[in-house]
Structure formats: C-alpha cells, structure tokens
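# with the input below, show me the fold.
(one chain, ligands or ions: 2)
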Amino acid sequence: MAESGAWWRQGIFYQIYPRSFQDSDGDGVGDLAGIVHRLPYLLTLGVDAIWLSPIFTSPMADFGYDISDYTGIDPLFGTMEDFDALVRAAHESGLKVILDLVPNHTSDRHPWFVEARRSRDNPRRDWYIWRDPKPDGGPPNNWLSEFGGSAWQYDQATGQYYYHAFLAQQPDLNWRNPAVRAAVYDVMRFWLRKGVDGFRVDVIWHLIKDAEFRDNPANPGYIEGRPPHERILPRHSTDQPEVHQVIAEMRKVLDAFGDRVLIGEIYLPIERLMAYYGKDLSGAHLPFNFALLSAPWHARDIERIIAEYETALPPGAWPNWVLGNHDRPRVASRVGAEQARVAAMLLLTLRGTPTLYYGDEIGMRQVAIAPDGVRDPFEKNVPGIGVGRDGCRTPMQWNATPNAGFSTAAPWLPVAEDFMHENVVNLTADKRSILNLYRALIRLRKRHVALVAGHYRPVAAEGDLLLYRRDGEGEILTIALNLGDDPVSLATEGSGLEGQILLSTHLDRDGEPIHGTLDLRGNEGVVIGRSL
Ligand code: NOJ
Ligand code: MG
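Numbering: from 1, shown residues only. Ligands and ions are numbered 1, 2, ... in the order given. Sure, this is the predicted structure:
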C-alpha cells in the first residue's frame, strides 16, 4: 500500500468561493465571518480542509484573482482579525485552511506595477514583462490572452507593451527576476506564519515564459466556437522547463514550515501534468488532476482516463481528483442530476485526494445569467459562446428563506430558482438526498482505510458499467457504477464480486448481500465490501 500518512493524502478538500458561500454583513457578498458561521456545516459534511479562493485586497476585475496587496484582506471579505478568527476556529474544529496564491500576475493597481509603469528605468520595471513594439508598432508577438485578444497591452507613456496572460488589469510578473521570486516567497511565509496549511497556486504552469518570446504556432485542431485564444498553441508562453525550478523553490519555502501542502492549478494533458510533481517529488504535492472536468461521461472513457492517470503517476506521487471548480460548469449540469450521484461515488472512492466544490454536494446546477447580469470578465470579453463562469459561482443554497439564507440583501449573483427545494436544510431532512449521499460517502471513506490507502485495481466491464476495486488493510471493496439509464445485471459467481453492499447511491440497500448476481438500477452505483 502506498504511503498515506500525511493529512493531505488522507483528507477530503472542499473549495469555498468566498463571495458566494455566506454573507454576514448584508452586502450581498460572502465574507470571512460568514465562513466561520458555516464551519459547523462543513463538520457535519465531514471534509478535512477548506481551500478559499482569493480573499486578498483587490479591485475585483477578476474577482480577487487580481491582487493589489498580497498580505491584506479585502474589506469586502472582512479584516485581518476576521481572517485570524477563521483560522483559529477552523483549526479548533480540526479543519485545515488552504489559501489561493496568485503569483503569476498582480492587479495593475498593485504598487509594484504602479511603479513599474512609471518609467523604463524604474527599479520595478523588470518585475513585469515589457517588450518593445514590433517595427510596425504592433504587439511584440502573437501570444493571446486567455480572456480574449492580444496578451500585450500598449503603455502609451513609456512606449512599450506589457504582457498579461489574462486581463489587461492582470499584468504578469517576471518570474525570471530573482527579486520577484523573493517577494512572493515572503508572501508565502507571511501566511504560513499565520498558520495556513498550504496553498493552491493559481495557473502555476504559466509562471515562466519563453526567454526569447517566440511566436506561438497556430493550432491546427482549433474548433470553431471555442475560445479565441485556442487558435494558437501556447508552446512558448506556458509549461516551460524552467518552471519546475521555481516550483521546487516554493516547495522549499513551504517545507520549512513543516506539514503543509502545495497544490498546483494546471490544465495540461496527463503526460505533461506529471512533471509538476517535480524531480524526485520536489514539486507540487498535488498537481490538480482536472481530467474528470472535461471527460466524456461514458464508462469506457472514464475507465481509460483513470488507467492513464494511474499509470502515468511517478513512483511515490499521490493522486488527486476534482469534479468541479469556480471556472467550469457545475457537474450536476454536465452529467445530469442522477449521474451527479454516481460522480460523487466515483470521486470519493478513487485513489487520491478528492476536492469538492462548494454546492456540488447539494447538487447545485449551472444558473442561467441574464445578459445584463453578467459579472464574469471572461464572458464580457468573449460573449455568447458559453465561457461565462458566473453560472457556477452562484450563492450557496442554505435554506428556503429569501436569498436562500445566503444574505439578507440581494446577492451579487442570482440564487438558483430551485433553491426552495434544493437547499441544505431541506436536503438534510430528505434521507435519500444527494447531500446525505455525500455525507455517507465521506463517512465510508473514513471508515474504510482501503478507500484511502488501498490499491486501485480496474476490473473488466462492458457497456455503461464501470468496475474497480480498492483493496488493502484486510479488505476488498468493489465499486460498481452504472453510468447509464438502463439497469445492469452481472453474474457474480467466481468473479470476486461477492460481499455485501456497504452503500448505494440510492441510499436504500445497505447491508444487502450479493451472491449470484449484482443488479444495478439505472444511474446506480454501489460499494461492495468483503473481508479478506
Ligand atoms: C485561474 C483561476 O481559477 C481563474 O478563476 C482566474 O480567472 C485565472 N486563473 C486568472 O487568475
Ligand atoms: Mg458580506
């Protein structure tokens, strides 16, 4: 069995998008005191760590991913006292706290950038990425912003362009400059000293760009209707070999504080992703594995993805799985309400640290946003092709009171229309709700060490059935997931599938013995247990 000692290997992570979790001061935006208020809920859910999307001082052009003071709390979210109180309360409840580190870019209002753009010879100039115009006055190369248009913004006053992988209000820092590295490492130490248990590092694969700023090649596989930046391949603008040196440095900063975790946000194919564990595992503990976010929801595809991922992992590397986040459509909308339960069973029975996205445990769906209600700058820049992220960032649905108990004021994004029924209070009372399924799955994972530390063993299956085993510590658990609407029946004789049902996604078959055949209803998943 793999070494599974560290808390971040054993635990279950929960992502909070602070603007949308709980408002405590009646301004329609969630805040730190609101999160403290909801810690008891997280304890009843059973998660072990919370990751907070950015809570730092920010003009909010990209809702906190544009930081103007890395060591300040934005007043919208509260004060440093509120933050300290949150860490204290979380730790007293046994919950770890993970912050979002956004080192690739700052806000254009960060004092570093304000200085940098003052003049070409400003001492901070080289903290950002400045290039001369092409002879025709155009941008230095063909790199594109992920949020639409050129990645270069012309600065009239100094006659140069600066690089921004995202919004023009998010200039990229120059990570080839040692002073930048030192400054961000100090930021990390500031929060680590305050007791945070680790970081999720924003777009970590972006940090280093090609030293020569060569043009990127065209993408021959571009699909019409996809975001415009996909017209070129980011060969020279992301995933450069030197980035691993930077990540190893971050790890050292972190490791000096003991048992903390480094998570990397990385959207790359599995084979490229693996490099982010670093040479001899000196990189991120958990390079986020987003394979399920875009997986076609078919048993054979999922089976292949798991196999590819498991096979590609370097020796000793710990896996992880993600079903949703604040940038991607809600899982319940991608796969449907019934399969969302199967997806939950998948997430919580695979080998590796699971990260839950707030609200997925109550089956929250993508909320339609009226054109005049759009808040996401990505949607504003690239309208109409479905890139908007507001729909997965709507307020948590706590109860059936106005605004779903999220706020006494009109929330910054609309509450889902179905909140009267789909809310924490109501789904807690409903014995067979998805929320109670999540709770049961989390309890099961805690009770059965094999689910955390056991091997992953695929079992051959056909059609809509996905089968695998987790074994170790004297037990074998078999997970059988029906990814289709039709019932599935399987002869179990001699197949090693005998045992008893520990949990069904339908929450109505606990303890049922399996012999002869295993019958699954449409959209049903079960965990079958057997002692060795
Ligand atoms: C990734 C974050 O998850 C996303 O929300 C943000 O817009 C970009 N990075 C830019 O920081
Ligand atoms: Mg508030």
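
# give me the residue from the stretch 401-532 of the chain nearest ligand 1.
residue 413 (14.4 Å; CB to the nearest ligand atom). Yep, even glycine has a C-beta here, placed from its N, CA and C like the rest.

# for the stretch 1-150 of the chain, which spans come out with low pLDDT?
For the stretch 1-150 of the chain, applying pLDDT under 70 flags the ranges 1-4.

# the residue in the stretch 51-200 of the chain positioned nearest to ligand 1 sits in which helix or strand?
Closest approach of the stretch 51-200 of the chain to ligand 1 (CB to the nearest ligand atom) occurs at residue 65, with a separation of 3.3 Å. Following DSSP states H and E, there is no helix or strand that holds residue 65.

# just checking, it touches residue 54?
Yes: applying CB atoms under 8 Å as the test, residue 65 and residue 54 come out as touching, 5.9 Å apart.

# give me the common contacts of these two.
100, 102 (CB atoms under 8 Å, 6 or more residues apart in numbering).

# state the three-state secondary structure for residue 154.
strand (DSSP: H, G, I helix; E, B strand; the rest coil).

# which residues sit in contact with it?
For residue 154, the contacting residues are 133, 139, 160, 161, by CB under 8 Å, 6+ apart.

# between those, which is nearest ligand 2?
In terms of CB to the ion, no member of the contacts of residue 154 lies closer to ligand 2 than residue 161, at 37.7 Å.

# just to revisit the earlier point, thought the residue of the stretch 401-532 of the chain closest to ligand 1 was touching residue 389?
No: applying CB under 8 Å, one finds residue 413 not in contact with residue 389, separated by 10.3 Å.

# out of the two, which sits in the more crowded spot?
Neighbours were counted for residue 413 and for residue 389 using other CB atoms under 10 Å; residue 413 has more, 23 against 20.

# the most centrally placed residue in the chain is in what secondary structure piece?
A centroid search over the chain (CA atoms, centre = their mean) returns residue 325, at 4.5 Å, as the residue closest to the centre. Following DSSP H and E, one finds residue 325 outside all helices and strands.

# contact partners for it?
Going by CB under 8 Å, 6+ apart, the list of residues near residue 325 reads 15, 290, 293, 355, 357, 392.

# go again with 10 Å.
Counting by CB atoms under 10 Å, 6 or more residues apart in numbering, residue 325 touches 15, 17, 51, 53, 200, 265, 288, 290, 293, 331, 355-358, 360, 389, 392-393.

# same question, residue 512
So residue 512 contacts 500, 501, 502, 504, 519, 526, 528 (CB under 10 Å, 6+ apart).

# do the same with residue 505
Counting by CB under 10 Å, 6+ apart, residue 505 has contacts 338-345, 432, 434, 437, 440-441, 481-482, 520-521, 523-527.

# 8 Å instead?
Contacts of residue 505 by CB under 8 Å, 6+ apart are 341, 342, 344, 345, 437, 523, 524, 525, 526.

# likewise residue 23?
Shown in contact with residue 23 (CB under 8 Å, 6+ apart): 29, 30, 31, 34, 395, 406, 407, 408, 409, 411.

# count of neighbours near the closest residue to the fifth one other than its chain neighbours?
Here the nearest residue to residue 395 in space, its sequence neighbours aside, is residue 406; by CB to CB, 6 or more residues apart in numbering that works out to 3.8 Å. Each residue near residue 406 was counted by other CB under 10 Å, and the total is 28.

# residue 406 contacts residue 30, correct?
Yes: using CB under 8 Å, residue 406 is in contact with residue 30, at 7.2 Å.

# so who does the nearest residue to residue 133 once chain neighbours are set aside touch?
Nearest non-adjacent residue to residue 133, counting by CB to CB, 6+ apart: residue 161, 6.3 Å away. Counting by CB under 8 Å, 6+ apart, residue 161 makes contact with 130, 131, 132, 133, 139, 140, 152, 153, 154, 155.

# can you pull the phi and psi angles for residue 161?
phi -100, psi 150 (degrees, to the nearest 10).

# ok, what's across the strand from it?
Legend: beta-bridge partners of residue 161 under DSSP bridges are residue 131, residue 154.

# how near is it to residue 300?
Distance from residue 161 to residue 300, counting by CB to CB, to the nearest Å: 47 Å.

# so where's the stretch 151-300 of the chain shaky on pLDDT?
For the stretch 151-300 of the chain (pLDDT under 70), the answer is none.

# ranges for the strands of it?
Listed in chain order, the strands of the stretch 151-300 of the chain (DSSP state E, counting those that start in this stretch) span residues 152-155, 160-163, 198-201, 261-264, 286-287.

# closest to ligand 2 out of those strands?
Nearest to ligand 2, of all the strands of the stretch 151-300 of the chain, is strand 198-201, at 22.4 Å by CB to the ion.

# okay, now the sheet partners of that closest one, with direction.
Paired strands of strand 198-201, with direction, are strand 96-101 (parallel), strand 261-264 (parallel) (DSSP bridges).

# the last one and ligand 1 in contact?
No: for a cut-off given as CB under 6 Å from any ligand atom, strand 261-264 has no contacts with ligand 1; the smallest distance is 11.4 Å.

# if we can go back for a sec, would you mind giving the contacts of residue 23 as CSV with secondary structure and distance to ligand 1 added?
Shown next, in CSV, are the contacts of residue 23 (DSSP: H, G, I helix; E, B strand; the rest coil; distance: CB to the nearest ligand atom, whole Å):
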residue, secondary structure, distance to ligand 1
29, coil, 16
30, coil, 16
31, coil, 19
34, helix, 20
395, coil, 17
406, coil, 20
407, coil, 22
408, coil, 27
409, coil, 24
411, coil, 19
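
# coming back round to it: now, the contacts of residue 325 that are in helices?
residue 331 (DSSP state H).

# any stretches of the stretch 301-450 of the chain with poor pLDDT?
Within the stretch 301-450 of the chain, not a single segment meets pLDDT under 70.

# ligand 1 contacts on that one?
326, 327.

# strands along the stretch 351-500 of the chain, start to end?
Under DSSP E, counting those that start in this stretch, the stretch 351-500 of the chain gives strands at 353-357, 455-459, 465-472, 475-482, 488-491, 499-504.

# as TSV, these with mean neighbour count would be great.
Shown next, in TSV, are these (neighbours: other CB atoms under 10 Å):
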stretch	mean neighbour count
strand 353-357	25
strand 455-459	16
strand 465-472	21
strand 475-482	24
strand 488-491	14
strand 499-504	20
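
# give me the angle between the longest helix belonging to the chain and strand 96-101.
Ranked by residue count, the top helix of the chain under DSSP H comes out as helix 178-193. In terms of direction (axes from the mean of the first three to the mean of the last three CA atoms, to 10 degrees), helix 178-193 departs from strand 96-101 by 160 degrees.
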